[in-house]
Every structure is written in structure tokens, then in C-alpha cells.
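Engineer: model the structure of this input:
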Amino acid sequence: MMHQQRHGHDDLTQNSPSTQRRTGSAVSAVSASIVVLGVAVMGVVQAFRPAVVDAQTSKTRAHVETLASSRLEGRLAGSNGERLASDYLVAELQKIGAKPLPGQGDYRLPFEFTAGTRDGGTSVSLTGAGSATSATGTGQGDAARALSFSDNGDVSGPVVFAGYGIVVPESQDFGYDSYATLDVKDKIVLVLRYFPEDADQKTRGILARYADLRYKAMAARQHGAKAMIVVTGPRSPNAGELVPMTFDTALAGSGIVAISVVGDVARAMFAGVADKTLEEAQKALDSANPHVAGFELPGTTARVHAAVEREKRTGHNVVAYLPATTPVAGVAKPWVAIGAHYDHLGHGEAGNTLAGKDEAGKAHAGADDNASGSAAVLAIAATLAGQPRKRNVLLGFWSGEELGLIGSNAFATSPPLPLDTLAAYLNFDMVGRMQDNKLTVQATGTSPAWAKILEQANIPAGFSLAVQEDPYQPTDVSTFNAASIPSLSFFTGTHVDYHKPSDTPDKIDYEDLDRVVDFAAAIVRRLEDAPDAPQFTKVEQQMQAGGGRAGARVYTGTIPDYSTEVKGLLLGGVVGGGPADQAGLQKGDVIVEIAGQTIANIYDYTYALDVLKIGQPSKVIYLRAGKRVETTLTPAARK
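Structural biologist: Take a look at the predicted model:
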């Protein structure tokens, strides 16, 4: 299950941004909107208590223990562990007679993604101020390094010191603009990392929102700068050190050359400043007085070469199907799909781990997240394989979910069968740690048929069902909802071992996981036998108060697509009835400008939201089928 984690002052997103995460807000939403269905059961299941069920009697235990074993090393997408996991899945599918999809020669469907970045030889050279200085990167003792989101290229020009490089939008009613008195067009800006160190807590809280280095890069680009150089100031944490190249799943750059340099290089840029050192300049800015301005660095010219090597890897979805045994001619939507992601975090190298310092670098077993869901799909498939079926049953095991639903999005973007032939999709993500007999079923708002189906299937199952209508979850169900497929997602709740190496097979409640299998198999059987497919309903997304990035108060109803390399914001869909829907935007559109702000990527769009005002129409320029189109979007308030 996806998770977003932020580190340090830079507030750099380690995973795909803007998606709601499961770490608390979703749980509170569940508890606030529980509808109890079905029959109450006797007793209470102790939280986190694994049932004593051996691999011979359990439908799921052997699958979980294999997928979460140390040999698979956390099943990171594109890794050898992922390959071993896919081998196991394929072997189990073959045992029950599942076949590759029609027209496919293999169970594995490959997709390419960006697995990380590294510096490919960044350098900067300075001339002027009576001397020449050069700095290079790529090895130990580097003096220069590209930022992970930098464009590749060579630029040169005079250098302007732009202070902290922070611009707070006017909509925040807080006057702070590092570029207010500066002309940086076609120049190179030097900016300090982080935000003013001596500001009071309230001011720090405001400035910290806009201290993300991506935001600073966007601000520099918007003001016409050709490149941005970042230095960790002498009065800051990590003084003089280079900015690490963090893991970044963005497939495209930020639209500007952006590097960091060590303190000595930045001090050399100040050689021509007669009355101020770098430390003195930072000290003046650290009060956060908005009237303390940056300045040109007299006679200093820089030549910057940025080289970012984006590591491409190939992940593999594993997809099979159980053919209908008694297909009905002319039946609408002759497929039912069930799925789960089988990838996890590897050793935490992608940056989305919650491991403590004592666990750093350890393999993340991912027993609940999501060996449990993968085991459930295998066990449901084994149950269905021995029964008559009027519809084909698609069995999907997605990779790259932890990096931003990359695998399921790849499947939906280039589907091996028409998506409009899918009657429904059932998703299983973290279903192995049941607490107090509560099973959460999400995305029930995607069809009016779900309420009755769930109630009937739960009579023998006896779960306390916590029903959530919202399909906009941080798991693969979002992909299928965006494709207008009635969907459900099953979830037994978060826990203290989430995204840690301690999420191990011994903590799974196999007895209740097997009950989830029986419950879901009963639902699939109803879908197989029904003459009519469930009707899809487009759900208007409900925003949770306090969620998302601080200060993002407006709501646009856009659903970004994170898996495709494109300049701009590619829409994976829009929320029904939301501002984007009302403005005529739709899946596949690429937003390139909003409210006068150019948009090069998802991060630009996130930051541009801060310039929008609730109820005030804003011009949006987007590309549809390569044609530039203009519309007006009126943001609403987040609820």
C-alpha cells in the first residue's frame, strides 16, 4: 500500500505526490462513516493475534510465508525479489489451471518505470571576481551535484543571489517574495537551502510550506532564471553539504537546470561582494524580514552542466484468467477481475519506509502489505477454479504499487483486453491483520449493486463490515475506478508494523484471512452468475479536513496520472461533479498552465494550487489530442 513520507526542511516527496495516504486519514474516515451490515459474531478477535493455523489447513498461510520470505528480499518492483515472487505466482496459477490472457504468450506483462536517479557528471565553473573556480560531481568528495529533478543541459550567465528563493503566494496573506526586487531573467540564481533559521515558529510554519526545493526551482523558472544553484548555508543544518539525490519517481525533469554546491563554491561566488560574506548574508535573511533582499554577485559568471541519469527498470504484472465454463452468449461485460499488488519496499531504498534507525537497510517482508492480498487472490482463484463459471475471471497481481500504482496504471493504459468488458474489479490490499472482526470494504459508492451483494454474502461470513463509499484510495482500486469499472477494495486496517521490516508472516491472522477469502469468493460467484453487470456510479471525492499539504485549501477535482512521461499534468481522470469536471476537463488532458502559472509536472501543479482562490474563476490551458484548448475552472473549498 502506498505511503508518502517527508524528510527534513526540503519536504521532498519520496513517492507520488498528492494522493491520499493510508497512514491515518483513511482510518479516521472509516471510523467516522461505519455502516454495520450482516450478522454479529460471538466474541472479539484480539488485535494483531495470529491464529494457530498451519500451512496444511490454511488456504493462505503457505502463500504468505513464501512471498514474505527473506529470499524474496522485500519484492521491490524491478528487483530479483520481484522476479522470484512472479515465478511463484505463475507456478501457483498453473497449478489451478489458470491461463495467460487471450492473445498473450506469457503470464507476465512487462512495464518500464524510473527506478531512481544518479549524478552523471555535474559540474560548475566560475569566472570573475579576480579568480576562476570549478567544481565537479559523481564521486566521493564531490563539490557539485545535480538535484534529482533537474533537467539535463548546459547553461551560463551572471549569478544573482536570491536569498532563500522562497515565494509565498498572495493568497496566503503573508508577504514574502525572494524575487520581489530582483531581475533574474536569463541569469543563474544562487539560493539557500531550507528556510530562515531565526524566524518565529508561526513564520517558520508558513515559509516551510514553500521551502521544498521543487517549489524553489519552479519559482526560479517562473521568474526567468536559466538555472538554480543551491547551497546549504553556514548557519543551517548540514552546513556546506550537498543536497542528496533522493529517490524520485517523476519521469520528467522540472523544466530548469538545478544543482547543489558545497559551501566553498558558494563562498567563491561572493568574492566580488565587497561588504558581505555568505554567512553575513544568511544571517540578515534568517530573521525572515521580507524587506531583506538578495542582490547581484558583481562580476561573477557561472557555467553549469547538469547531468542526471534516470535509471529505467522493468517491472512485471502477473495476469491470468479462469475461462468461463458455461459462457452465456451475448452477456454484457463477460469478465470479472480480482487483484492485489505483490510488490513491496525491498530494503527501503525507495525512501518510503517507516523503519527506525535500528532497522535501516533491512528487508521489508511485507507480509500484510501485501503478501496477504496476493495470497487471498490465489486462494479465491483456487476456490473458483473448481466451480462452474458464466464469466471469465481475470486474476491480476500488480507490481509498482508502492511507487505510485505504476503497474496497474500500465495495465489500464495499454490494456490487453477492453476494459469496458470488465463487469467489476475486487482489490485486496492489507487483509491479514483483522482487529475486532472488522473488515473494511471501500469503493462501495461505485455501484448501487454493492450494498445488497455485500449484505447477502456477509450472512454466512459474519463480519462487522465498515463500509466506505470512497474509491479514491491509495491502492490499485483507484486505477479501476478511473476506468469506470464498479470496484470494491478490502482492507483490515493499519498497524504498528506498517512499512517496517517487522511486518512478518508470524503476525498474520490466517484464520480470518481465510474467512476473507470465502467472503470474497461468494461475492465473485454472484457477479459471475448475474445476467447483468453492476451499474457504475461516478463518486464525487470527499476531501478530509487537514489532509494533504499544508496550506492547500482549494479543491479542483483532478486525478493526476503519475505513470506517463509528459510535460505538464496528465489527467488520469476527474472527480464526478468536481470543478475540473464542470470545466470540461477529462481523462487524457494535459494541463500546461493554470492561473498564469506554467505547469511542467505534477509538482508544479501542486504548488500552483496555492495561487488559486476559492470561488474565483481561473484560466486553464490544456492539451487534448495535441490541440491547445482553454477553459475556466472555479476552485471549490475543501470539505
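
Engineer: which residue packs closest to residue 557, ignoring adjacent ones?
Structural biologist: Nearest non-adjacent residue to residue 557, counting by C-beta to C-beta, 6 or more residues apart in numbering: residue 578, 2.1 Å away. Backbone N, C-alpha and C define where each C-beta goes, glycine included.

Engineer: any idea how far residue 539 is from that neighbour?
Structural biologist: 11 Å (C-beta to C-beta, to the nearest Å).

Engineer: residues contacting residue 301?
Structural biologist: By C-beta atoms under 8 Å, 6 or more residues apart in numbering, the contact set of residue 301 is 126, 127, 128, 156, 157, 158, 159.

Engineer: that's a strand at it, yeah?
Structural biologist: Yes - residue state for residue 301 (DSSP: H, G, I helix; E, B strand; the rest coil) corresponds to a strand.

Engineer: strands along the stretch 301-450 of the chain, start to end?
Structural biologist: 308-322, 335-341, 392-398, 422-428, 438-442 (DSSP state E, counting those that start in this stretch).

Engineer: make JSON lines out of those strands and add distance to residue 408, mean neighbour count and mean pLDDT.
Structural biologist: Formatted as JSON lines, the strands of the stretch 301-450 of the chain follow (distance: least, C-beta to C-beta, whole Å; neighbours: other C-beta atoms under 10 Å; pLDDT from 0 to 100):
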{"stretch": "strand 308-322", "distance to residue 408": "8", "mean neighbour count": "21", "mean pLDDT": "94"}
{"stretch": "strand 335-341", "distance to residue 408": "7", "mean neighbour count": "28", "mean pLDDT": "98"}
{"stretch": "strand 392-398", "distance to residue 408": "4", "mean neighbour count": "26", "mean pLDDT": "98"}
{"stretch": "strand 422-428", "distance to residue 408": "9", "mean neighbour count": "27", "mean pLDDT": "98"}
{"stretch": "strand 438-442", "distance to residue 408": "15", "mean neighbour count": "24", "mean pLDDT": "94"}
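
Engineer: closest to residue 347 out of the ones you listed?
Structural biologist: Proximity to residue 347 (C-beta to C-beta) singles out strand 308-322 among the strands of the stretch 301-450 of the chain, at 15.2 Å.

Engineer: what's the closest one packed up against?
Structural biologist: For strand 308-322, the packing partners by 3 or more C-beta pairs under 8 Å, 6 or more residues apart in numbering; DSSP states H and E come out as helix 80-95, strand 99-100, strand 108-119, helix 373-385, strand 392-398, helix 406-413.

Engineer: lowest-confidence stretch among those?
Structural biologist: When the helices and strands packed on strand 308-322 are ranked by mean pLDDT, strand 108-119 comes last with a mean of 89.

Engineer: pull the residues that contact it.
Structural biologist: Outside strand 108-119, the residues touching it (C-beta under 8 Å, 6+ apart) are 77-78, 86, 90, 137-138, 142, 145-146, 148, 245, 247-251, 307-319, 349-350, 399-400, 403, 406-407, 410-411, 416, 563.

Engineer: repeat that for stretch 88-100.
Structural biologist: Contacts for stretch 88-100 (C-beta under 8 Å, 6+ apart): 63, 66-67, 106-108, 318-323, 342, 374, 378, 381-382, 385, 395, 397.

Engineer: over to stretch 237-244?
Structural biologist: Stretch 237-244 is touched from outside by 8-10, 137, 142-145, 147, 193-194, 213, 230-234, 260-264, with contacts defined as C-beta under 8 Å, 6+ apart.

Engineer: buried ones in that stretch?
Structural biologist: 240, 242, 243 (16 or more other C-beta atoms under 10 Å).

Engineer: helix, strand, or coil at the last one?
Structural biologist: What that stands for is residue 243. Taking three-state DSSP, the label given to residue 243 is coil.

Engineer: same deal with the first one?
Structural biologist: Secondary structure state of residue 240, per three-state DSSP, is coil.

Engineer: ok, it to residue 196 distance?
Structural biologist: Taking C-beta to C-beta, one finds residue 240 at 18 Å from residue 196.
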